[in-house]
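S.K.: okay, here's the prediction I keep looking at, along with the sequence it came from:
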Amino acid sequence: METISMKIDKDILHKVDSSLKEFNFNTRTEFIRAAMRNELERLERKKLLKKLAALRGSVKRKTTDADRRKIREEAFEDLIREKGWLE
């Protein structure tokens with residue numbers, strides 16, 4: 001691990017300190033590490049959602065209501081066979 005030095009506004013630091021016990025953090029460092037991990041995860045989700053949004057509509061084949069109905073019926077029939085409900 002590397003050590004970093006940072007300046008934090010007193011009001012924010014007071015909020016961190018008051019949250020430590022409430023959210024079961026032993027130290028400010030634990031709290032800040034968790035906050036940084038959470039933010040990195042949020043940014044990664046945001047990046048993945050952007051990629052997903054870019055793919056929207058890129059599939060040329062459109063699924064019709066009839067296709068969906070047929071798929072549901074086949075899935076239901078498979079489930080019945082798998083569970084042995086008609087035996």
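M.R.: Noted; the coordinates are in hand.
S.K.: just name the shakiest helix or strand of the protein by mean pLDDT.
M.R.: In the chain, no helix or strand scores lower on mean pLDDT, DSSP states H and E than helix 65-83, which sits at a mean of 90.
S.K.: can I get it in CSV? Just the C-alpha atoms.
M.R.: Only the C-alpha atoms of helix 65-83 are listed here, as CSV (Å, rounded to 0.1, in the frame of the first residue of the first chain):
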residue,chain,number,x,y,z
ASP,A,65,-45.0,-10.6,-30.2
ALA,A,66,-45.7,-13.9,-31.9
ASP,A,67,-42.0,-14.9,-31.5
ARG,A,68,-42.1,-14.0,-27.8
ARG,A,69,-45.3,-16.0,-27.3
LYS,A,70,-43.8,-19.0,-29.0
ILE,A,71,-40.6,-18.7,-26.9
ARG,A,72,-42.8,-18.5,-23.7
GLU,A,73,-44.8,-21.6,-24.7
GLU,A,74,-41.6,-23.6,-25.5
ALA,A,75,-40.0,-22.6,-22.2
PHE,A,76,-43.2,-23.5,-20.3
GLU,A,77,-43.3,-26.9,-22.1
ASP,A,78,-39.6,-27.5,-21.2
LEU,A,79,-40.4,-26.7,-17.6
ILE,A,80,-43.3,-29.1,-17.5
ARG,A,81,-41.1,-31.9,-18.9
GLU,A,82,-38.3,-31.0,-16.6
LYS,A,83,-40.5,-31.1,-13.5
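S.K.: show me what it is packed against.
M.R.: Counting contacts by 3 or more CB pairs under 8 Å, 6 or more residues apart in numbering; DSSP states H and E, helix 65-83 packs against no other helix or strand. Any C-beta I mention is one placed from the backbone N, CA and C, and that applies to glycine too.
S.K.: go through that helix and flag the buried ones.
M.R.: Using 16 or more other CB atoms under 10 Å as the test for burial, helix 65-83 gives no buried residues.
S.K.: please enumerate the helices of the chain.
M.R.: Using DSSP state H, the helices found in the chain span residues 10-22, 28-55, 65-83.
S.K.: pLDDT below threshold where in this structure?
M.R.: 87 (pLDDT under 70).
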